[in-house]
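>>> no sequence on this one, just coordinates:
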């Protein structure tokens, strides 16, 4: 609640309503996508993109064949799982992939055999420090098999013969990703990237694609767009690298700002991870939004990165892609375990916050401009009904934000820079700017990003 | 006293004497100007300029006709008041303009009628939170009439019929201002602006024109001036705008520094309001003077502006005009009320401080230069009698300020920058620089402002 | 010990061994040089350089004749002392130059006469605030004679006739200094300067030439050097000025970094005195080494300078010469007295620290470079065995320093800048960089200093 009140006290009730609406819608989408067994390749990704595509007309799916060389990497084999479980000596079926897809080590190769507990233990993964959590573990680039389970369950395993089945395939298929391009007046682009490779976990990561889907819906419904939006749903690391391999020059030429959307679903914190350079347009946008929307947000250093920003800000790539998150990956206890769920961790209210901070940033990109005064010296606001005609001790402060905006409007500073100089959220300046343009006191010229 | 000792302990007694002399002289001028009923136009301004002109040969008076378009504004009608009062039901004359000119709402239109207390109350202004103060209120650009009185007096008004008289005129006349130009060796100018529109109030604002008058006298008496000084006595806002309308290009081409002189008369504080850019030559001058002359000075943000700096730093104007004040307008309890007087608020000592900080800043402008060493490596000070010939533990520190000055004198830094690097008041460097030039250790080249 | 552990915990025991070896060797050299009576000229300097030269093949001695004009100075007469003492009324010989050469005021002219105690007192120097210390005092540029003694001894002098002898000569000789040039692949130079003019004192200053001798030995033994090293052993002030007079243009063209080595022998502190500009390559080197090698080091301001940095950073000279010291001159109680000795003040451990911080800085100069990634996006470390193949919660942090190095390697930042961005000592990056070059992930290009 604190963040919301800090945001815009004036229309508090309307905002509460909006939380319920958009936050619930996003949470419903996450619930629908929850059971699908995603990985960096495979039908789980395709099913996920099908459902997202039903919300986003124009979303296009791409396939990159296994074995394709992308930058320093090779697209791996495609992975399919039909079944996976362990039968205990007493005949109980445990670690059933269909009960929880985290039970299976990601990219496990097929196996069907009997082992002793001691042999099996070499293939089991659990977390002694979180005994009730199933860990999320993968082995994409080295063939292995294994099962993940709670440390509590592991402690109960009896001696004897275990039957293990992993009915999976690793075959020459392809890596799948989705791309949605929304044309704007300008060929300059805003780039938004999110993940579709995580199995059943909520903050990291069903929140990212679900929030991104609703941001894209909002952009689609916009009457007109100044900029072009490029929105991609990809597997982490290899997906970003494959996308860069195909699109790097285009992105370097056209992208003016963008965000890597992930970990945007819980309601405990807001956080910010800068680009490597730390001073791109995206950084200024993120800093402004978070400072004014969620003043208690946490700011991380570039050294704590760990997602696709590693690729987007890699040497010789260096796109202006920052991250605004709720609780950051690796910084909350449920991270990369079965505890990261849609009940205790990710909430409609949390998803609303993740959505709203990105919506505000994009709104700034669309509305930013360079205002310039049309008069020399201060305009006479009184004759236009914009200033109290009675001069008392308090005349000035009643209109001080309007006067501050005029004062900085010399055509050399963007509205975003002016908002920072006025120590005001930029969204408080939108209606004032509109009024001053109507009264022929200010004019605007050029796009807001051009100083970057 | 604290500020004075911080300033220059060495000639403390001489300074005390100076306080008494100049501070008293300025206070006497303020006392002479006190009873005149000034406004943004009218004979009060002319009488004020006549008295100031008797101190400043060369002060020229200008008249700008009512109705003249100046930038976004129109010069208003001229306002004259012959008489104004209220007769109470019991026959008492109150709110007499000739007793205190603050009783009349500034720019009141003429009226002569009888009203009930209830009708009269719509035209009365008082301050419940300062019950013993008459507020200063004006309505320049909308025709109104009204009276200002203490809240205590207002509380005693009985029911019944009141007779109200305002014998005023609003007519096509002109706006009056004074300008004094003191030529120097350079056509580059220092611009000093102060107010002549406030009726009987002391810190804001008889202090400004009175201190400025004595600064101008000091400049007139100067044997030679490096720079040209442009000193104007104008009404607030409309006066500055009228002056800019007539002189903007000249000012933008020539002005290297300047100050808006106001609120320079009480003895409670020193304060600084930057230019909009915050880093002009004027800002560096003000910061250096205040840091070294009055280290406990208060630094305000541009957002707290409220005087003619609004015009001088407006978009497309942006002259380097900063403000050094004693207690800033709107920041002391007596502000814009009858309590701002020459007894309890403004004192000779307060006026001396307001005068001295500006005198020091101007002295810097005149003395600033780019010193450059004439030798390679350190000069041998000993052979010139400038260094102890016996080398002990303490040899260095005895002459450390001289050595620091030499050390920074490579021709790329102004004396003001060097003083800041040496963490010394620049006035401590003046005699040292003179000595080093005499001994052919340093030379100076160019004017000190040229790096701005 | 704290500094050493901060330095590099991994090879702690090896480091301890090294302290004992190098620190003892340097201390032994200081002990050998201790009794020699040095001054700014004379045979004491020549004997000192002879001994140092026995360690440093290629050290060349230069003589600058008395009377030579060097910049603003004149090389003074050469000073020789054969004997100096006082016989008390009771026949005791005190202040014997051969017992402690600090007893004689530096550059005392010859004298042989009888005086009363009162007459003698005009020629005696002692320190009331340090009654057991003989002060170090000189009078190079004005002819005087005098003796220095403890304040305790002075207090015991009886009334009566004193016999004073100073068997010295001031004659047209020369000023002596030593220069060692070690050629490297580049003609760009690293400049190291130290003092040979102080008589029997230890931290200030036998530590400087002794540490410098061992740095030079290490440089001589280096298999190959990227840069040329210019190492000079000179008297303070007049020596540096004479050297600049002969070499200024060469130094300004070629020197990329350097250090003034002095006060590098006690074990109480580490300290840093910047160049005048404060941001030269030498400053960055010193700051990086001290921050990572001795994090509790003390940082001084340029205004506290007092050694040959006065000459090297003088106007129109401005060489990039910074100082890394142990306890700085004038900042420890024994400074410039007989208490500054090789027993209580300067220790093998202290000398090791003085040596090691300079060695580390030079190592950076030799190893600095501009790394650039050979791949687009992140390299696949796993296939090269450089990354864990099992992706768990902790995969990233195990190799985070390697990933940080890669992340910043875009060819625009030096390894030193990258180390600062990674908040890591640069020496931890050397082996990682080597490994990444071997694996064709990074390449290096150009010398590390070129951004300065």
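That came through, no problem. Computed from a predicted model, the values in this text were never measured in an experiment.

>>> whichever residue of the stretch 151-300 of chain A sits closest to chain C - nearest residue in space that isn't next to it in sequence?
Nearest residue of the stretch 151-300 of chain A to chain C: residue A:241, at 4.7 Å (CB to the nearest CB). Any C-beta I mention is one placed from the backbone N, CA and C, and that applies to glycine too. Spatially, and ignoring its direct neighbours in sequence, residue A:241 is nearest to residue C:377 (4.7 Å; CB to CB, 6 or more residues apart in numbering or on different chains).

>>> quick one: pLDDT of that neighbour?
Turning to residue C:377, the model gives it a pLDDT of 89.

>>> residue A:92 now?
pLDDT for residue A:92: 95.

>>> so the residue of the stretch 151-300 of chain A closest to chain C lies in a helix, does it not?
Yes. Applying DSSP: H, G, I helix; E, B strand; the rest coil, one finds residue A:241 inside a helix.

>>> regarding the nearest residue in space to residue A:239 that is not next to it in sequence, what is its secondary structure?
Excluding the flanking residues, the one nearest residue A:239 by CB to CB, 6+ apart is residue A:177, at 5.3 Å. Judged by three-state DSSP, the three-state class of residue A:177 is strand.

>>> would you mark the buried spots in stretch A:154-174?
For stretch A:154-174, burial by neighbour count (16 or more other CB atoms under 10 Å in any protein chain shown) applies to A:154, A:157, A:162, A:164, A:165, A:166, A:168, A:170, A:173, A:174.

>>> er, stretch A:431-447 actually
Using 16+ other CB under 10 Å as the burial criterion, the residues of stretch A:431-447 that qualify are A:432, A:433, A:436, A:441, A:442, A:444, A:447.

>>> so which of these are in helices?
Those of these mapping onto helices are A:432, A:433, A:436, per DSSP state H.

>>> redo those residues as JSON lines? Include distance to chain B and pLDDT.
JSON lines is the format used below for those (distance: CB to the nearest CB, whole Å; pLDDT from 0 to 100):
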{"residue": "A:432", "distance to chain B": "15", "pLDDT": "93"}
{"residue": "A:433", "distance to chain B": "14", "pLDDT": "95"}
{"residue": "A:436", "distance to chain B": "12", "pLDDT": "94"}
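
>>> how close does residue A:224 get to residue A:183?
10 Å (CB to CB, to the nearest Å).

>>> have a look at these two and say which one is more surrounded.
Neighbours were counted for residue A:224 and for residue A:183 using other CB atoms under 10 Å in any protein chain shown; residue A:183 has more, 12 against 7.

>>> quick check on that one: phi, psi?
phi -70, psi 140 (degrees, to the nearest 10).

>>> run through the residues that contact it.
For residue A:183, the contact set (CB atoms under 8 Å, 6 or more residues apart in numbering or on different chains) comprises A:225, A:228.

>>> the longest helix belonging to chain A - contacts with which helices or strands?
Across chain A, the longest stretch assigned as helix under DSSP H is helix A:348-367. Counting contacts by 3 or more CB pairs under 8 Å, 6 or more residues apart in numbering or on different chains; DSSP states H and E, helix A:348-367 is packed against helix A:24-33, strand A:189-195, helix A:207-221, strand A:255-261, helix A:281-293, strand A:321-325, helix A:426-438.

>>> now secondary structure and distance to chain B too, for the buried residues of stretch A:154-174, in a markdown table please.
Output for the buried residues of stretch A:154-174, formatted as a markdown table (DSSP: H, G, I helix; E, B strand; the rest coil; distance: CB to the nearest CB, whole Å):
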| residue | secondary structure | distance to chain B |
| --- | --- | --- |
| A:154 | helix | 62 |
| A:157 | coil | 67 |
| A:162 | strand | 72 |
| A:164 | strand | 70 |
| A:165 | strand | 70 |
| A:166 | strand | 66 |
| A:168 | strand | 64 |
| A:170 | strand | 64 |
| A:173 | coil | 61 |
| A:174 | strand | 57 |
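
>>> report the spatially nearest residue to residue A:420, omitting neighbours in sequence.
Per CB to CB, 6+ apart, closest to residue A:420 is residue A:288, 6.5 Å.

>>> I'd say that neighbour and residue A:364 touch.
Yes. Taking CB atoms under 8 Å as the definition, residue A:288 is a contact partner of residue A:364 at 7.0 Å.

>>> same drill for those two, tell me which one is more crowded.
It is residue A:364, of residue A:288 and residue A:364, that has more neighbours when counted by other CB under 10 Å, with 25 against 19.

>>> check contacts around residue A:246.
residue A:70.

>>> which helix or strand contains it?
Using DSSP states H and E, residue A:246 sits within helix A:238-254.

>>> what's the burial count for the spatially closest residue to residue A:227 that is not a sequence neighbour?
Spatial nearest neighbour of residue A:227, chain neighbours left out: residue A:184 (4.4 Å); criterion: CB to CB, 6+ apart. Residues lying near residue A:184 (other CB under 10 Å) number 18.

>>> most tightly packed of the helices and strands packed on helix A:348-367?
strand A:321-325 (a mean of 28; mean count of other CB atoms under 10 Å in any protein chain shown).

>>> quick one, that strand and helix A:207-221 angle?
Strand A:321-325 runs at 110 degrees relative to helix A:207-221, counting by axes from the mean of the first three to the mean of the last three CA atoms, to 10 degrees.

>>> strand A:321-325: how far from the chain's middle?
In this view, strand A:321-325 has its centroid 7 Å away from the chain centroid, taken as CA atoms, centre = their mean, to the nearest Å.

>>> other SSEs contacting it?
Judged by 3+ CB pairs under 8 Å, 6+ apart, strand A:321-325 is in contact with strand A:255-261, strand A:271-273, helix A:281-293, helix A:309-312, helix A:348-367.

>>> now do the same contact list for whichever residue of the stretch 201-350 of chain A sits closest to chain C.
Residue of the stretch 201-350 of chain A nearest chain C, by CB to the nearest CB: residue A:315 (3.8 Å). For residue A:315, the contact set (CB under 8 Å, 6+ apart) comprises C:372, C:373, C:406, C:407, C:408, C:409, C:410, C:411.

>>> much appreciated, bye for now.
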